[in-house]
Every structure is written in C-alpha cells, then in structure tokens.
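J.: the following block contains a protein sequence and its predicted model.
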Amino acid sequence: MSSLSDYPPRLRASTEHPEVIYTRARGYHAVKGASGALAKHAALTLEDDGNTYAVVEGEPKSLREDVSAVYQGSSGALVVPTGRVFVRLDDDIPAKAHADAFRKLGYVIAQSLPYAPNAAWLEREDGDVAAALRNIGALEKLPRVRNVEPQLLASRAYR
C-alpha cells in the first residue's frame with residue numbers, strides 16, 4: 001500500500017503527447033469503491049468498469065488500498081488514475097510477446113485487444129497504483145514500445 005507521497009508529482013498524458021501534463025492536486029484524494037455518505041459528499045464522482053471513485057477534499061484519514069492521489073490538468077479538471085497503463089508497440093509486435101518484459105517491471109497484461117494485438121492494458125501484479133505510475137518510464141524504455149499512457153478517469157465533457 002502506498003501513501004499519497006509515493007505518487008509522482010507530475011504525469012505525462014502519454015509518450016506521444018508529452019506536452020500534456022497532469023500535476024498532483026494537493027488537498028484532494030480519491031477513494032475507490034466509495035458509496036453512501038462519502039460518495040454523496042464527494043467533490044466529484046467518477047465511474048469505470050463498475051467501480052465508483054469519489055474525489056474527496058482534504059487528506060485521507062487513513063491510508064488504505066482504496067485511496068489514491070488525484071491529478072489536475074492545465075484546464076483545472078481533476079482526474080483519477082486507475083492503475084491501468086495502456087501500452088502500444090510497433091505494429092508487427094504482439095503485446096503478448098512482451099509479457100515477460102512487462103512482468104520483470106512488475107506489470108501483467110490485464111486486457112489484450114483483439115482489434116489491436118500490438119496493444120494491451122497493463123496492471124501492476126501487486127495492485128500498487130502509485131508504483132504503476134512511477135514505473136511508466138521503464139515501460140517506455142522497452143524496445144519497440146511506441147506509446148505508454150496511464151488510464152485517467154475524468155468527468156465527461158459535453159460539447
């Protein structure tokens with residue numbers, strides 16, 4: 001289990017768009033699986049894959065596995081990292097061919113994409129979201145990796 005200080009202070013949106021930066025939002029934390037009063041009084045509630053994330057103002061009262069950092073984009077929008085990381089390799093390299101290299105860095109393939117065999121969603125074997133974010137640079141250095149980006153949940157933007 002990580003403390004909020006274990007989360008990187010800045011995140012790039014992706015290898016392909018290094019100019020898009022998210023900064024740790026001080027004074028906020030997210031709680032995965034939030035319900036009841038916590039979700040009702042949250043500054044923001046996000047959903048993904050059946051999980052509810054409540055963005056709460058202030059520091060967490062206790063550190064638990066379901067508590068994570070919150071980041072803020074240049075527009076001021078708050079985003080929550082899920083711990084999943086998207087990786088895309090050269091077109092002719094299936095992501096499964098890199099499974100051992102990913103595992104050496106502490107990641108496992110959480111989801112293969114049938115329509116894009118050269119891409120996959122990775123997760124840390126230990127479930128440590130902070131470590132998943134801190135080690136993105138190591139994934140980027142693997143041979144034939146073209147893009148790495150953390151999964152960040154945000155409010156839906158309507159046009």
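T.: Okay, I see it. Residues are numbered from 1 along each chain as shown.

J.: who's in contact with residue 69?
T.: Residues in contact with residue 69 (C-beta atoms under 8 Å, 6 or more residues apart in numbering) are 4, 7, 24-25, 29-30, 81, 130. Placement of C-beta: from N, CA and C, glycine included.

J.: repeat that with 10 Å
T.: Residue 69 sits next to 2-9, 11, 24-26, 28-30, 80-81, 129-130, 133 when contact means C-beta atoms under 10 Å, 6 or more residues apart in numbering.

J.: low-confidence bits of this structure, can you list those?
T.: 1-2, 35-40, 62-63, 157-159 (pLDDT under 70).

J.: just the helices in it please.
T.: Here the chain has its helices, by DSSP state H, at 36-40, 99-104, 129-134, 136-140.

J.: with mean neighbour count and distance to residue 92 added, can I get these in TSV?
T.: Below are the helices of the chain laid out as TSV (neighbours: other C-beta atoms under 10 Å; distance: least, C-beta to C-beta, whole Å):
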stretch	mean neighbour count	distance to residue 92
helix 36-40	11	45
helix 99-104	14	16
helix 129-134	21	27
helix 136-140	17	19
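
J.: quick check: bridge partners of the residue positioned nearest the centre of the chain?
T.: Geometric centre of the chain, nearest residue: residue 81, 3.4 Å, by C-alpha atoms, centre = their mean. Beta bridges link residue 81 to residue 152 when assigned by DSSP bridges.

J.: coming back round to it: tabulate the helices of the chain (JSON lines), appending distance to residue 72.
T.: Shown next, in JSON lines, are those (distance: least, C-beta to C-beta, whole Å):
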{"stretch": "helix 36-40", "distance to residue 72": "21"}
{"stretch": "helix 99-104", "distance to residue 72": "29"}
{"stretch": "helix 129-134", "distance to residue 72": "15"}
{"stretch": "helix 136-140", "distance to residue 72": "18"}
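
J.: what residues go with each domain of the protein?
T.: 9-75, 83-154 (automatic domain parsing).

J.: coming back round to it: would you mind checking the contacts of residue 69 for buried ones?
T.: 2, 4, 7-8, 11, 24-25, 28-30, 80-81, 129-130, 133 (16 or more other C-beta atoms under 10 Å).

J.: tally of neighbours for the closest residue to residue 52 other than its chain neighbours?
T.: Leaving aside its chain neighbours, residue 52 sits nearest to residue 34 (5.5 Å; criterion: C-beta to C-beta, 6 or more residues apart in numbering). Other residues near residue 34 come to 21 when the count uses other C-beta atoms under 10 Å.
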